[in-house]
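Student: below: sequence and its predicted model.
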Amino acid sequence: MQTTTHSSLIRVVLVEDDVDFQQALRETIGNAPDMELVSVASTRALGLKTLDDDPADVLLVDLGLPDGSGIDVIRAAHAKWPSCGIMVSTAFGDEMHVMQSLEAGAAGYLLKDSAAKSMVAEIRSIHQGGSPISPLIARQILVRFRERDKPLPVAPQLIPEKSDAALSAREQEVLEFITKGFTSDEIAELMSVSRHTVLTFVRRIYRKLEVNSKAEAIYEARHQGLLDV
């Protein structure tokens with residue numbers, strides 16, 4: 001029976017603060033015969049420090065780290081580890097985070113909607129030169145480039161009005177907590193769900209309201225009558 005030699009293993013570094021998702025990735029990568037999880041960091045600072053070690057083959061980075069943005073880690077890794085395949089794994093799917101990540105050096109962008117076990121195939125893909133991107137993100141990038149090359153309309157009235165968002169009951173609940181100034185961790189405790197779940201709700205709210213920040217979400221929700229003024 002053939003055995004996989006250490007030198008042939010795909011060396012993976014993980015920068016992720018969500019404990020549950022981190023553990024799921026540990027187990028998934030640990031069970032893959034052709035991979036080795038060489039380092040795990042849960043903060044921006046530790047992620048940057050990891051880059052002082054030997055280069056990894058694949059770097060998985062979450063964007064919403066407790067002490068800053070994972071985009072800083074992506075930018076530094078792209079400079080220090082130029083041959084490393086950098087892939088974002090996050091709950092944020094808004095255009096700002098997507099474009100900033102790709103511009104910083106990420107070659108893949110996956111939303112945490114998918115199961116952690118599916119990450120093995122994505123890691124192999126990016127290691128082989130692919131660019132794994134969630135369908136929602138790929139569509140967003142296509143729309144962005146189409147809009148960039150699209151000629152301006154002749155008359156303003158030809159631009160369709162934006163339809164009101166239809167939030168689910170849980171999304172509406174999260175939106176109301178956001179309006180009251182609660183953090184993601186506080187909302188998770190109040191709703192008895194994980195922080196990852198809250199961030200997923202936030203991402204969906206942003207997408208439906210077509211906004212990129214909490215302030216914009218609150219303004220747009222009030223404009224559409226989704227919140228009491």
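Tutor: Thanks, I have the structure now.
Student: break the protein into its domains for me.
Tutor: 9-143, 162-223 (automatic domain parsing).
Student: can you flag the weakest of these by average pLDDT?
Tutor: For those, mean pLDDT drops lowest on domain 162-223, to a mean of 81.
Student: could you redo the domains of the chain as a markdown table and give each row mean neighbour count?
Tutor: Where you see a C-beta, it was placed from the backbone N, CA and C, and this is true even at glycine. Shown next, in a markdown table, are these (neighbours: other CB atoms under 10 Å):
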| stretch | mean neighbour count |
| --- | --- |
| domain 9-143 | 18 |
| domain 162-223 | 17 |
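Student: so what pairs up with the residue positioned nearest the centre of the chain in the strands?
Tutor: Nearest to the mean C-alpha position of the chain, by CA atoms, centre = their mean, lies Thr90 at 2.3 Å. Taking DSSP bridges as the rule, Thr90 bridges to Leu111.
Student: let me see the contact set for it.
Tutor: Applying CB atoms under 8 Å, 6 or more residues apart in numbering, we find Thr90 in contact with 62-64, 70, 97, 109-112.
Student: Gly70 too?
Tutor: Contact analysis of Gly70 by CB under 8 Å, 6+ apart lists 15, 44, 47, 61-64, 88, 90.
Student: quick one on the thing from earlier: mind checking how far the residue nearest to the centre of the chain is from Ser134?
Tutor: The spacing between Thr90 and Ser134, counted by CB to CB, to the nearest Å, is 10 Å.
Student: shared neighbours of these two, anything?
Tutor: In contact with both Thr90 and Ser134: 109-111, using CB under 8 Å, 6+ apart.
Student: Arg124: which of these is nearest?
Tutor: Leu110 (13.4 Å; CB to CB).
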